Structures are given as C-alpha cells and as structure tokens.
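Asker: the amino acid sequence is not available; the structure is as follows:
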C-alpha cells in the first residue's frame, strides 16, 4: 500500500481507525465499558477529519469483518457496504498485519521445542522514502523549552547524545504527512520511549490528548 489511500485516506489514519475498532471490539468481548464517540473524537483531533467520517469508516470495517466471516462487530457500527474494492483490500491488509503481529507475540511467549534458526544472511530490499525538510531553528527552540526533560513523561533524557546534550527526539503532534506544520506550536521533545509510544501504542490517542493538555504552546491544527 502506498502512503495515500485511493479514496483520500492515508495509511496512518486508516490503520489508526482499524486499531481503534479492534480495541473497542476486544472491550466489547470482555464486557469492559467504552464510549465509541470518544474514539471518533480522538481520531478526529489527531487527523483532522470529522468524527462522523471515522464513525462511517468503522462501519466499513464492520463490513470487511463480515466479509471475513466474522459473526460479530462493534455494537452500533452496522456494516456499511458503500466502500470501494480498493479500500476493502487496504482494510483487509491492515487486519491481516495486525492479526499476524498478535499471533507472533502469542507464539513468542510459548516455550520452543526447537529454537528458531533465523537467517545467517538476511535478505535486503530497497524502498523509496520521502522525507520532509525540517526547520533547525524550530528543533533547537523546542529542545530548549524542554530543558532536558521529556514533554510527555517529564523524566530527564535517558542519556546524552554524541553532542553531549540530553537526547530527546522531536515529534510533530499533527504529523507532517497529515499537513501538520513544522512550528513550535506543533512540536514536542520526547524521550525515545514516549516517542515510540505515541506512534505505536494502542493508547497513542490518549497520549496525544495529554500533550495538548500539558503543553500550553501547542495549537490544534
């Protein structure tokens, strides 16, 4: 899948919608309370689409779940069939990826009868990467404001970098790929752990909201 989805949804926001859907479905299966509207609103804040758009997209996900032979979906998200074949394929691929990751994690926890051999000479593949030009002055200002502490967890940087300065990473709260700006009002300094969390955690949306609450200079875009 490329960076831009065929109907205007890119990889990051569609994947976030699928992750949120699966989290709600898991809570539903285990009889844990949740509010669907809160998920739509958090996604809307992160990506700039309307909450209604995310609600309808999740109905598309229910449709894909039905196509996969699943006998249940998130209550209140009745399958919506009006979705292009290409988008169905994209959702299918993301579901396959997430479910494969879950299976691999579960297998990794099992005791091995035979240790995996691995690869002595791992294969190599090349990809085209698009990178954004970033402002050095914005980076330095955000690091200066952080004063050696992570903007998310408020802990000191875990180590000093090669420049002998506290090592923190710049994160754009609204991603540059989502037309976020490269400004002090959209950037924070994070420790490597929090930076990975905001990109990959199932609680990433909650962390984004916490950053907006904690850091007064941030502007929702």
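Answerer: Cool, got the structure. A quick note: this is a predicted structure, and the numbers were derived from the prediction, not measured. Numbering: from 1, shown residues only.
Asker: can we go C-alpha only for contacts and neighbour counts from here?
Answerer: Will do.
Asker: can you list the domain ranges for the protein.
Answerer: Recorded structural domains for the chain (assignment: automatic domain parsing) are 11-108, 136-214.
Asker: next structured bit after the lowest-mean-pLDDT helix or strand in the chain?
Answerer: The weakest-scoring helix or strand in the chain, judged by mean pLDDT, DSSP states H and E, is helix 85-108 (a mean of 73). Beyond helix 85-108 on the C-terminal side, the first helix or strand identified by DSSP states H and E is helix 136-146.
Asker: how about that following helix: buried residues?
Answerer: 138-139, 141-143, 146 (16 or more other Cα atoms under 10 Å).
Asker: try stretch 196-207
Answerer: For stretch 196-207, using 16+ other Cα under 10 Å, the buried residues are 197-199, 204-205, 207.
Asker: in this structure, where is pLDDT below threshold?
Answerer: 1-7, 70-71, 101-118, 125-131 (pLDDT under 70).
Asker: where exactly do the helices run in it?
Answerer: Here the chain has its helices, by DSSP state H, at 11-29, 36-47, 51-67, 85-108, 136-146, 192-200, 204-214.
Asker: next, format these as JSON lines and append distance to residue 181.
Answerer: Shown next, in JSON lines, are these (distance: least, Cα to Cα, whole Å):
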{"stretch": "helix 11-29", "distance to residue 181": "17"}
{"stretch": "helix 36-47", "distance to residue 181": "13"}
{"stretch": "helix 51-67", "distance to residue 181": "22"}
{"stretch": "helix 85-108", "distance to residue 181": "27"}
{"stretch": "helix 136-146", "distance to residue 181": "11"}
{"stretch": "helix 192-200", "distance to residue 181": "18"}
{"stretch": "helix 204-214", "distance to residue 181": "15"}
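Asker: ok, for residue 46, nearest residue in space, not its chain neighbours?
Answerer: Residue nearest to residue 46 in three dimensions, not counting chain neighbours: residue 174, with 6.2 Å by Cα to Cα, 6 or more residues apart in numbering.
Asker: that neighbour touches residue 212, doesn't it?
Answerer: No - taking Cα atoms under 8 Å as the definition, residue 174 is not a contact partner of residue 212, at 10.8 Å.
Asker: what number of residues lie near residue 184?
Answerer: 19 (other Cα atoms under 10 Å).
Asker: what sits against the closest residue to it other than its chain neighbours?
Answerer: Nearest residue to residue 184, sequence neighbours excluded (Cα to Cα, 6+ apart): residue 138, at 5.8 Å. Residue 138 is in contact with 182-184, counting by Cα atoms under 8 Å, 6 or more residues apart in numbering.
Asker: repeat the analysis, applying 10 Å as the threshold.
Answerer: Shown in contact with residue 138 (Cα atoms under 10 Å, 6 or more residues apart in numbering): 144, 170, 182-187.
Asker: could the domains of the chain be laid out in CSV, adding distance to residue 121?
Answerer: CSV is the format used below for the domains of the chain (distance: least, Cα to Cα, whole Å):
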stretch, distance to residue 121
domain 11-108, 22
domain 136-214, 28
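Asker: out of these, which is closest to residue 123?
Answerer: Nearest of the domains of the chain to residue 123, taken as Cα to Cα: domain 11-108 at 20.1 Å.
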